[in-house]
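1. got a predicted model here, sequence first, then my questions.
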Amino acid sequence: MGKQVLLIKGSPRKNGNTSVMADAFGNGAKESGNTVTEVFLKEKNIGDCIGCAVCQRNGGNCVQKDDMTEIYESMKEADVIVLASPVYFYSWTSLMKRMIDRTFAVEALLENKKFYLLSAGAAPEEKYMQTMINGFREYVSCFEEGGSKEGGILFAYDTREPGDVKGMQVLEKAYEMGKAI
């Protein structure tokens, strides 16, 4: 039986480089018999976390009633969660960061997940992505007590314009990463 894979796309560009990488990952996952669900954050209404922590006292129910409610359910159902976000000033896009902040509500409920990070950026090498890598690893560590872990990280470098990633070996790597889950 296949796994439930959730692709969370945090780019403001629907067909940007990171989205193309996520699509390659998803195609590999589907080919291996997994079910893939996609969330394009740009199309969702997600408010900022207001830091009230009510969710920590009421079973993970955020006081805000917006599109995070459906994302929470998708995250709980998923075996694999792929965070696909381009690098903006060394870290997540604001779309992805907002979603990440709001997962505080379901921190205790996300058990036995495998998290992946897919990203593209204009920088020429990994050292410029280190802030994002560290943030991803710290985020995943929030769920380790429940058996969750890092599945993999993949970056595309020197990708400034939409479509730059096409023809790069990183797409084959994303496909193979998805196929191997």
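-> That came in fine, so what should we check first? Residues are numbered from 1 along each chain as shown.

2. distance from the top helix by length along the chain to the middle of the chain?
-> Scanning the chain for the longest helix, with DSSP state H as the assignment, gives helix 17-31. Centroid separation for helix 17-31 versus its chain: 12 Å, with C-alpha atoms, centre = their mean, to the nearest Å.

3. quick check, residue 83 in a strand?
-> Yes - secondary structure of residue 83 (DSSP: H, G, I helix; E, B strand; the rest coil): part of a strand.

4. circling back: how about the longest helix of the chain: buried residues?
-> Buried residues in helix 17-31, counting neighbours by 16 or more other C-beta atoms under 10 Å, are found at 17-29. C-beta: built from backbone N, CA, C; applies to glycine.

5. what sits against the residue nearest the centre of the chain?
-> In the chain, the residue lying closest to the centroid (C-alpha atoms, centre = their mean) is residue 83, at 1.0 Å. With contact taken as C-beta atoms under 8 Å, 6 or more residues apart in numbering, residue 83 is in contact with 8, 10, 96, 100, 115-118, 136.

6. one step back: from the buried residues of helix 17-31, which is closest to residue 172?
-> Residue 172 has its nearest neighbour among these in residue 24, at 7.6 Å by C-beta to C-beta.

7. residues in contact with stretch 4-12: which ones?
-> Counting contacts by C-beta under 8 Å, 6+ apart, the residues outside stretch 4-12 that touch it are 17-19, 22, 25-26, 29, 34-42, 71, 74-75, 77-86, 92-93, 95-96, 99, 178, 181.

8. ok, what's across the strand from the residue nearest to the centre of the chain?
-> When assigned by DSSP bridges, residue 83 has beta-bridge partners residue 8, residue 117.

9. understood, closing this out.
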